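J.: my questions concern the predicted model and sequence given below.
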Amino acid sequence: MRTKEIKTIEKEFKDFYTNFIHIDSNIFCIHINANDDTKSEFLNINQNNDNILALVIKLHSNCFEVTNQTLGEQTKFFDSIEQIFNYFCPISFKKFITKNIESKLMSHS
């Protein structure tokens, strides 16, 4: 059961995703509004032509397993949630991290 870890991810990265779906105690799905930096081969263009990056993430004891509709049967493995975001949408994730660091610095001033 990885429910606590999933809840922590949901809370800590809530400003980075648009939708968080709990699938079971080890699996969740996140939707990220994609922009120009997102690797276009991973985007799921829906009927509204919204650029949504949908990632299904399964927690294992030592890694994160990620599937994406456009990956087909291919699965990618990562050591951390940060590596996942950095791989699929590096510029947006760096901006997100920078914003968090700046706000923490400002709150301690």
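T.: That came through fine.

J.: which element follows the lowest-mean-pLDDT helix or strand in the chain toward the C-terminus?
T.: Least confident element among the helices and strands of the chain, by mean pLDDT, DSSP states H and E: strand 44-45 (a mean of 50). Using DSSP states H and E, the next helix or strand after strand 44-45 towards the C-terminus is strand 51-59.

J.: mind giving me the packing neighbours of that next one?
T.: strand 27-33, strand 44-45, strand 64-67, helix 81-88 (3 or more CB pairs under 8 Å, 6 or more residues apart in numbering; DSSP states H and E). Every C-beta, even on glycine, is put in place using the N, C-alpha and C of the backbone.

J.: can you tell me which of the ones you listed the model trusts least?
T.: Across the helices and strands packed on strand 51-59, the stretch with the lowest average pLDDT is strand 44-45; it has a mean of 50.

J.: let me see the mean pLDDT of the lengthiest helix in the chain.
T.: Counting residues, the longest helix found in the chain (DSSP state H) is helix 90-107. Mean pLDDT, computed over helix 90-107, is 83.

J.: that one packs against which elements?
T.: helix 81-88.

J.: just the C-alpha atoms of the helix it packs on, please, in PDB.
T.: C-alpha atoms of helix 81-88 as PDB (Å, rounded to 0.1, in the frame of the first residue of the first chain):
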ATOM      1  CA  ILE A  81       8.400  11.700  -9.300                       C
ATOM      2  CA  GLU A  82      10.700  14.700 -10.200                       C
ATOM      3  CA  GLN A  83      12.400  12.700 -12.900                       C
ATOM      4  CA  ILE A  84       9.100  11.900 -14.500                       C
ATOM      5  CA  PHE A  85       8.100  15.500 -14.700                       C
ATOM      6  CA  ASN A  86      11.500  16.600 -15.900                       C
ATOM      7  CA  TYR A  87      11.500  13.900 -18.600                       C
ATOM      8  CA  PHE A  88       8.000  14.700 -20.000                       C
END
